[in-house]
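*Asks:* Here you go, sequence then predicted model.
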Amino acid sequence: QVQLVESGGGLVQAGGSLRLSCAASGRTFSTYVMAWFRQAPGKDREFVAAITWFGGTIFQSDSVKGRFTISKTQNTLYLQMNSLKPEDTAVYYCATRGARPVTYQATGYDYWGQGTQVTVSS
């Protein structure tokens, strides 16, 4: 199993920045890709960005390109969020997937963190 713990969420004004972290432990050697998803109230869980564990190939949704940056160190995943908008308000989750290829579907991920709340005020 893989354990994931997110941190770094909070309340920020529109135009501000936050950096989310996700610490991974356990059987991380079985991971192919790590991703960030978000879920706003009443909405489906939405793909934000992903990075392959070993190759570092990055995938991003169009809604965050140019504003959010995904990165990783050996066992920690990051999401640097700049120019935040009220519509970015959501619970943000990190997740891992062991199989190829990368998918943008939440159902394709094996392990999830508990989530961290991001609230952007206008």
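*Replies:* Perfect, I can see it now. Numbering: from 1, shown residues only.
*Asks:* Report the central residue of this protein.
*Replies:* residue 36 (1.7 Å; Cα atoms, centre = their mean).
*Asks:* Kindly state the pLDDT recorded for that one?
*Replies:* Here, the pLDDT recorded for residue 36 equals 98.
*Asks:* That one and residue 111: what is the separation?
*Replies:* From residue 36 over to residue 111 the distance is 14 Å, taken as Cβ to Cβ, to the nearest Å. The C-beta positions use only the backbone N, C-alpha and C, and glycine is treated the same way.
*Asks:* returning to that earlier point: look up which residues are beta-bridged to the residue nearest to the centre of the chain.
*Replies:* Note on residue 36: beta-bridge partners by DSSP bridges are residue 49, residue 94.
*Asks:* Could you give me the buried positions within stretch 20-33?
*Replies:* 20, 21, 22, 24, 28, 31, 32, 33 (16 or more other Cβ atoms under 10 Å).
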